[in-house]
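Visitor: One predicted model, sequence on top.
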Amino acid sequence: MYCECGFLSSARLVFEKLMKRDVVSWNTMIRGYVKHRVFDEALRMIREMQYKLVKPSESTMISILKLLADVGNKELTKPMFAYVIKNSNMNHLGANLTTTLIEMHAKSGSVAVARSLFDRLNEKNVYAYTAMVAGYIRCNAVEEGVRLFGQMIEDGILPNEVTLVSLIAECGTDEALDLGKQLHGYVIRNGFVMTLPLATSLLDMYGKCCEISSARTIFDKMERRDIMTWTVLISAYTRGNCIEKAIDLLVLMRESSIKPNQVTMVSLVSFCAESGALDLGKWIHAYIDKQRINRDIVLNTALIDMYAKCGDITTAYRLFEEATNRDICMWNCMILGFGMHGFGEKALELFTKMENLQIKPNEITFIGLLSACSHAGLVKEGKRVFEKMKNKYGLLPKIEHYGCMVDLLGRAGLLHEAYDIVQTMPMKPNVVVWGALLAACKVHKDPDLGELASLKLLEIDPESCGHNVLISNIYATEKRWKNVVSVRKAMKNRGMKKEPGISCIEVNGAVHEFTTGIQAHAQFGEIDDMLREMLCKLEAAGYKPDTSVVLLNIEEKEREKSLKYHSEKIAMAFGLINTAPSTPIRIVKNLRVCDDCHTATKLLSKIYKRTIIVRDRIRFHHFSEGSCSCGDYW
């Protein structure tokens, strides 16, 4: 009863007081944790159950498999499969257990194993077909999914509403729009009643696939709407950057006497976090408090994340301190926030506080700590964190942790020490690891090791535009123009295009986006005048353009002109024109800040007496009075 009603702590107290616990009591507790998505506790109970030598029932194993299917943890699928075989007869696995095994393997990406189990089934029911087709969609094998869906109908097994809702949801998750449209057509042709769950799943699918007009059409035709329906459409608008329509819908929702819940607000807050829209984020925060929407752990964590990602780390930490209930996700969010802003020492202090409160860190905690050490140049501290992870907490470092260590050492100029880690790590280095080494080689000008890293990257992922551009940039720095031409020609032949620099700035609640180069913008005449003024004042302050960052074989004057029109400089000029003097300017950039823009922005913060906050792909830079919070270490 307590599990069904979501009172898991009460259920656990009853469970702990039981003198004798049979398999049913264990299964009830595990199922309760799985139902309410408290996955860590469910996994802990499974381990404890094994330790106590309690033989699981089929029902228990199905609950466990469903848990692993939801988590999508590929590393646990093999031992779990072995656990099922050990505790049951492999030759007589029931249809329900086999179907759940198919679902677990399919959701964790082991689609070949899932298909093998599917083919072994003597009698394939609608649920087995649904699990397998959904697995193909999730693994981007959409054609296989379509083929199997057709075979299912040929075999006389007609999909029910549950099947269609499940498959449409998968199409949304993996943005398989064409298949989603086919399923929508099947629903219409076969006379399915457009129930609330079915309509909501279609609405969600179109929203996630950025077909917002189709999503709105379905929404407008719905006779009945619940809180989930409204939330799904608001999420679609935020995802499609139609924030004004999302806010209008929020107002309409209130007028329809439906109070938004935490899920609705998390969607809006998350949009603000990704776009750097702090003013809008503050308005939404005020709306949450005014409407007395309960700020649970998830919503509080989203708000902390939003303030951290929008450059207001002080408010993020205040909300963290005010929170009476914190889970590991909230601690991790705050540690990652400090790291992003270059406050490595504060991230380490927070970790010490976490340890004193006996809160057990997880793998993400250590990714945040190592990243924080990397951005602050705390090499010794980073090494200690890495050792503590292994020796004190018994966590095996994953490839992400090794990538952080390579980044930490590489940024500090310890390139050969970083390369030693690449050579000795217990798993095969991936693109992240080699990419971190390559980026460090570019910064510290080691073309030989950089070329080695680049060759490894091209072996693993020859189609990656970013890595090809980085390799080309290293050659350009060394003025090896023939190699530059060769790499760029190969990219052109493969149809690859360099990602353009894009900078966003929020002014009066609206987010304005600028790309590198001359803009087709209503205010570009004023912006160009401001750019000229900025350049004159910079030159008077002793600035000289750093044309080494222009990685093209062109004349010096052309290089200087191209620097003038970098996207963050255009966004800065727009901000200076459209915001009041002395107010901070906040910019979000999709790429890393270049050396020239970094130097120029430091000077501009002093010239115009402005705090300029720039969030690039990696971290935050707080420019004030001629200096940057990163200490020129980025």
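Guide: Sure thing, it's come through.

Visitor: ok, residue 36 to residue 542 distance?
Guide: Residue 36 sits 61 Å away from residue 542, going by CB to CB, to the nearest Å. (Each C-beta comes from the backbone N, C-alpha and C, glycine too.)

Visitor: Compare those two (neighbour count), which wins?
Guide: Neighbours per residue (other CB atoms under 10 Å) separate residue 36 from residue 542, with residue 36 holding more: 16 against 7.

Visitor: Can you give me the pLDDT of the closest residue to that one other than its chain neighbours?
Guide: The spatially closest residue to residue 36, leaving aside those adjacent along the chain, is residue 6, at 5.7 Å (CB to CB, 6 or more residues apart in numbering). Note on residue 6: pLDDT of 82.

Visitor: My guess is residue 6 contacts residue 38. True?
Guide: No. Here residue 6 does not reach residue 38: they are 10.0 Å apart, not a contact under CB atoms under 8 Å.

Visitor: More neighbours: those two, which one.
Guide: Under the criterion of other CB under 10 Å, the comparison of residue 6 against residue 38 puts residue 38 first, with 16 against 11.

Visitor: Check the contact between the more buried one and residue 8; I expect there is one.
Guide: Yes. Contact status for residue 38 versus residue 8: in contact at 6.3 Å, counting by CB under 8 Å.

Visitor: So what's the residue count around residue 161?
Guide: By other CB under 10 Å, the residues close to residue 161 number 14.

Visitor: That one and residue 364: what is the separation?
Guide: For residue 161 relative to residue 364 (CB to CB), the value is 37 Å.

Visitor: ditto for residue 47
Guide: Counting by CB to CB, the gap from residue 47 to residue 364 is 20 Å.

Visitor: need the contact list for the residue nearest the centre of the chain.
Guide: What sits nearest the mean C-alpha location of the chain, by CA atoms, centre = their mean, is residue 274, with 9.7 Å. Taking CB atoms under 8 Å, 6 or more residues apart in numbering as the definition of contact, the neighbours of residue 274 are residue 309.

Visitor: pLDDT score assigned to it?
Guide: With respect to pLDDT, residue 274 has a value of 85.

Visitor: swap in residue 467?
Guide: Residue 467 is given a pLDDT of 67.

Visitor: all numbers from here: first residue = 38
Guide: Yes, from this point I'll number from 38; that puts the last item at residue 504.

Visitor: State the helix or strand in which the residue nearest to residue 98 when sequence neighbours are not counted lies.
Guide: Take residue 98 and drop its neighbours on the chain: the residue closest to it by CB to CB, 6+ apart is residue 121, 5.5 Å away. Following DSSP states H and E, one finds residue 121 within helix 111-123.

Visitor: and after that helix, which helix or strand comes next?
Guide: Heading towards the C-terminus - elements assigned by DSSP H and E - helix 111-123 is followed by helix 132-144.

Visitor: what's that next one packed up against?
Guide: Contact here means 3 or more CB pairs under 8 Å, 6 or more residues apart in numbering; DSSP states H and E; on that basis helix 132-144 packs against helix 95-108, helix 111-123, helix 148-157, helix 163-175.

Visitor: now it and helix 148-157, what's the angle there?
Guide: With axes from the mean of the first three to the mean of the last three CA atoms, to 10 degrees as the basis, helix 132-144 and helix 148-157 are set at 160 degrees to each other.

Visitor: what's the distance between residue 123 and residue 400?
Guide: If you go by CB to CB, the gap between residue 123 and residue 400 works out to 27 Å.

Visitor: which of the two has more neighbours?
Guide: When residue 123 is set against residue 400 and neighbours are counted by other CB under 10 Å, the residue ahead is residue 400, at 16 against 10.

Visitor: Deepest-packed of the helices and strands packed on helix 132-144, please.
Guide: Per-stretch averages of neighbours, counted by mean count of other CB atoms under 10 Å, single out helix 163-175 among the helices and strands packed on helix 132-144, with a mean of 24.

Visitor: now stretch 566-585: mean pLDDT?
Guide: 88.

Visitor: Now find how far off-centre it is within its chain.
Guide: 37 Å (CA atoms, centre = their mean, to the nearest Å).

Visitor: Buried residues in it, which are they?
Guide: 567, 568, 571, 572, 575, 580, 582, 583, 584 (16 or more other CB atoms under 10 Å).

Visitor: So which residue of this protein lies furthest out from the middle?
Guide: Using CA atoms, centre = their mean, the residue of the chain lying farthest from its centre is residue 56. It sits 44.5 Å away.

Visitor: I'd like the distance between it and residue 93.
Guide: Distance from residue 56 to residue 93, by CB to CB: 21 Å.

Visitor: in the stretch 188-337 of the chain, which ranges drop under the pLDDT threshold?
Guide: Nowhere does the stretch 188-337 of the chain drop to pLDDT under 70.

Visitor: one more time with 80, if that's ok
Guide: The stretch 188-337 of the chain contains residues with pLDDT under 80 at 278.

Visitor: Do a quick rundown of the strands in it.
Guide: Ranges of strands within the stretch 188-337 of the chain: none, based on DSSP state E, counting those that start in this stretch.

Visitor: Which pLDDT value goes with the residue farthest from the centre of the chain?
Guide: 88.

Visitor: Show the contacting residues for it.
Guide: So, once contact is read as CB under 8 Å, 6+ apart, residue 56 ends up touching nothing.

Visitor: how about residue 362, phi and psi?
Guide: Here the main-chain torsion angles of residue 362 (degrees, to the nearest 10) amount to phi -130, psi 120.

Visitor: what's the burial count for the residue nearest to it when sequence neighbours are not counted?
Guide: Nearest residue to residue 362 in three dimensions, chain neighbours excluded: residue 334, at 5.8 Å (CB to CB, 6+ apart). A count of nearby residues for residue 334, using other CB under 10 Å, gives 14.

Visitor: which element is residue 343 on?
Guide: For residue 343, the element it lies in under DSSP H and E is helix 334-346.

Visitor: do the same with residue 624
Guide: When elements are assigned from DSSP H and E, residue 624 belongs to strand 622-626.

Visitor: if we look at that strand, which residues are touching it?
Guide: Residues outside strand 622-626 that contact it (CB under 8 Å, 6+ apart) are 312-313, 315, 347-348, 538-543, 604-605, 608-609, 612-613, 616, 647-654.

Visitor: just the buried members of these?
Guide: Of the members of the contacts of strand 622-626, the ones counted as buried by neighbours, 16+ other CB under 10 Å, are 312-313, 315, 347-348, 538-543, 604-605, 608-609, 612-613, 616, 647, 649-653.

Visitor: Strands - which of these land there?
Guide: Using DSSP state E, the members of the buried ones among the contacts of strand 622-626 that fall in strands are 539, 540, 541, 542, 543, 649, 650, 651, 652.

Visitor: hang on, the earlier thing: please give the centre-to-centre distance between the following helix or strand past the strand holding residue 624 and its chain.
Guide: Once strand 622-626 ends, the next helix or strand along the chain (criterion: DSSP H and E) is helix 632-644. In terms of CA atoms, centre = their mean, the centre of helix 632-644 is set 30 Å apart from its chain centre.

Visitor: now helix 632-644 and strand 622-626, what's the angle there?
Guide: Computed by the same axes, to 10 degrees, the angle separating helix 632-644 from strand 622-626 equals 170 degrees.

Visitor: List the buried residues for helix 632-644?
Guide: So helix 632-644, judged by 16+ other CB under 10 Å, has buried residues 633, 634, 635, 636, 637, 638, 639, 640, 641, 642, 644.

Visitor: The second one against residue 605, yeah?
Guide: Read that as residue 634. Yes. Under the criterion of CB under 8 Å, residue 634 makes contact with residue 605 at 5.3 Å.

Visitor: returning to what we had before: for residue 84 and residue 401, indicate the residue with more neighbours.
Guide: residue 401 (16 against 9).

Visitor: Please, which helix or strand holds that one?
Guide: helix 400-413.
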